[in-house]
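Here's a sequence, model it:
(one chain, ligands or ions: 1)
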Amino acid sequence: MTTTRFAPSPTGLLHVGNIRTALHNWLLAKREGGRFLLRIDDTDEARSREDYVEAIRADLAWLGIVPEGEERQSARFALYEDAFERLKAEGRVYPCWETPQELDLRRKVLLGRGLPPIYDRAALALSDDEKAAKLAAGEQPHWRFKLDHAEPIAWEDGIRGPQTFEAAMMSDPVIRRADGSWLYMLPSVIDDVAMGVTDVLRGEDHVSNTATQVQMFTALGAPVPRFAHEALLVGSEGKLSKRLGSLGVAQMREMGIEPEALIALLGRLGTSDPVDPALRLAELAAAFDLSRFGRAPARFDEQELARVNAAIVHALPYEAVAPRLPDDMDARAWEAVRPNLAHVHEAGDWWRVVTGPISRVEASPEDRAYLEAAAEALEAIAWDEGVWKALTGALKEASGRKGKALFLPLRLALTGMEHGPDMGALLPLIGREAAIARLRQI
Ligand code: GLU
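Here you go, the predicted structure:
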């Protein structure tokens, strides 16, 4: 069964980049009727926070992304210890004592000679006595995974196509620190094996990690999952701005972004398929296809998000938004103002225009007479859905006005605004008495 996972570190809130990764993993699993798992990568105990774990769960739930299961790395240390001991016995992990300063110096020397700054495996040359002496002196080692230089590293990337790496051209990765804490690399592989992950879909910043992790899967005697790496996320004008890149889900929710808008936009981000505000999770999953993704940077355009959001708001039924509207605002009122909204919360502003009081716009003497005529006409016109049409029809005939001169003074007097929802839908909501009072400016 296709199994994917989303593996955030709870050291911050989810931002656009993480959401894309989570969503695409969910879509990839669902397309195949498979499982999507959440893995909390909290091996870094100092930087991980419980409130971030809760925020990650809440943000995914808000987006409608429900994991079939959840694991936490901090609860799995015994598993890592086990695998570590096995790899140690097989000579696939080895202890090192170099200080960061030493390593830095060696790197600089190599670079100075025009050579790649690869770890020289000096620690492998230490004798058992030398190692025992260091341990006896209380010097704890950090640990590296020993890449197999004879084993070619190759995978068919779901997005990038065939990938090959030369193990001899890479440093043996540090997998464990001297204090016993884990770096991301090995625990992730151990978990992917234990959780039955079949597909790892993540950002292209992980490509070189994949190269070493491919050998870790093999060293653990496990099949290598399928890998796919998505192109970098960029803003509409180049690099993703700090503000946009770090925008959290809660902030977007406060800004009035609907989850469906993020889903519709991010679901297609990085593909050449058009963004369609009408598409929901299920439809996006049915059409999800890694071969549609390109290697060019994926552009996240905030204006496009705003457009998609508005289109979604314009189609939201009253039942979906009722809890977010003023208490006394009914379905008719929602439908009257909905086409004018960029965000649901703006409905309240228009509702205040309906219920009043509104800001008064001073009319010219000529318009005052016109508005008085309108007030008189309104007293006689049947108060129903057609009232605006009847009113303007009668005024057009009586005053000879048309276009802007006919409509704008009425809109200004009735709403206090130059623009707004269709008056045909708004006027019946305002009510006859209030409308007459507004026209007379009393
Ligand atoms: N915790 C890692 C990260 O956030 C997970 C990477 C992965 O998907 O393997 O970068």
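
Give me the outermost residue of the protein relative to its centroid.
Most distant from the centre of the chain: residue 398, at 56.7 Å, with distances by Cα atoms, centre = their mean.

can you give me the helices for the stretch 51-200 of the chain?
77-89, 100-112, 128-136, 185-194 (DSSP state H, counting those that start in this stretch).

picking that back up, leaving out chain neighbours, which residue sits closest to the residue farthest from the centre of the chain?
The shortest distance from residue 398 to any non-neighbouring residue, by Cβ to Cβ, 6 or more residues apart in numbering, is to residue 373 (6.4 Å). All C-beta atoms are positioned from the backbone trio N, CA, C, and that covers glycine.

I'd say that neighbour and residue 399 touch.
Yes. At 6.7 Å, residue 373 and residue 399 qualify as touching, with contact defined as Cβ atoms under 8 Å.

give the contact list for the residue nearest to residue 420 when sequence neighbours are not counted.
Leaving out its chain neighbours, the residue that sits closest to residue 420 by Cβ to Cβ, 6+ apart is residue 340, at 6.3 Å. Residues in contact with residue 340 (Cβ atoms under 8 Å, 6 or more residues apart in numbering) are 346, 350, 420-421.

got a winner among the residues you listed for most neighbours?
Within the contacts of residue 340, most neighbours by other Cβ atoms under 10 Å means residue 350, with 23 neighbours.

Buried ones in the host helix or strand of it, by neighbour count?
Using DSSP states H and E, residue 350 maps to helix 347-355. Neighbour-count burial for helix 347-355, counted by 16 or more other Cβ atoms under 10 Å, picks out 347, 350-351, 353-355.

Run through the bridge partners of residue 161.
With DSSP bridges as the criterion, residue 161 is bridged to residue 157.

burial of it, as a residue count?
Counted with other Cβ under 10 Å, the neighbours of residue 161 add up to 8.

Equivalent analysis for residue 425, please.
By other Cβ under 10 Å, the residues close to residue 425 number 18.

What about it? Give its phi and psi, please.
The phi/psi pair for residue 425 (degrees, to the nearest 10) reads phi -90, psi -30.

Burial check on residue 194, number of neighbours?
Quick note: residue 194 (other Cβ under 10 Å) scores 14 neighbours.

which residues touch the nearest residue to it once chain neighbours are set aside?
Setting aside the residues directly before and after it, residue 194 is nearest to residue 79 in space (Cβ to Cβ, 6+ apart), at 6.5 Å. By Cβ under 8 Å, 6+ apart, residue 79 lies in contact with 190-191, 194.

I'd like the distance from residue 79 to the ligand, if you could.
Going from residue 79 to the ligand by Cβ to the nearest ligand atom, to the nearest Å gives 16 Å.

Begin at 59, not 1, for the rest of this chat.
Okay, residue one is now 59; in that scheme the one you just asked about reads as residue 137.

Run a quick neighbour tally on the closest residue to residue 165 other than its chain neighbours.
Spatial nearest neighbour of residue 165, excluding adjacent residues (Cβ to Cβ, 6+ apart): residue 175 at 4.0 Å. The tally of other residues near residue 175 (other Cβ under 10 Å) stands at 15.

any idea of the pLDDT on residue 175?
Residue 175 is assigned a pLDDT of 96 by the prediction.

show me the contacts for it.
164-166, 168-169, 229.

Which residue ranges of the stretch 59-208 of the chain form strands?
For the stretch 59-208 of the chain, applying DSSP state E, counting those that start in this stretch gives strands covering 61-64, 93-98, 127-130, 151-154, 200-203.

and among the ones you listed, the most buried is which?
strand 61-64 (a mean of 25; mean count of other Cβ atoms under 10 Å).

residue of the stretch 109-258 of the chain with the smallest distance to the ligand?
As assessed by Cβ to the nearest ligand atom, the ligand sits closest to residue 246 within the stretch 109-258 of the chain, at 4.8 Å.

Check the stretch 359-500 of the chain too.
Ranking the residues of the stretch 359-500 of the chain by distance to the ligand (Cβ to the nearest ligand atom) places residue 363 first, at 23.1 Å.

returning to that earlier point: could you export the strands of the stretch 59-208 of the chain as JSON lines, including distance to the ligand?
Output for those, formatted as JSON lines (distance: least, Cβ to the nearest ligand atom, whole Å):
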{"stretch": "strand 61-64", "distance to the ligand": "7"}
{"stretch": "strand 93-98", "distance to the ligand": "8"}
{"stretch": "strand 127-130", "distance to the ligand": "12"}
{"stretch": "strand 151-154", "distance to the ligand": "19"}
{"stretch": "strand 200-203", "distance to the ligand": "15"}
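
Since that was my last question, I'll sign off now.
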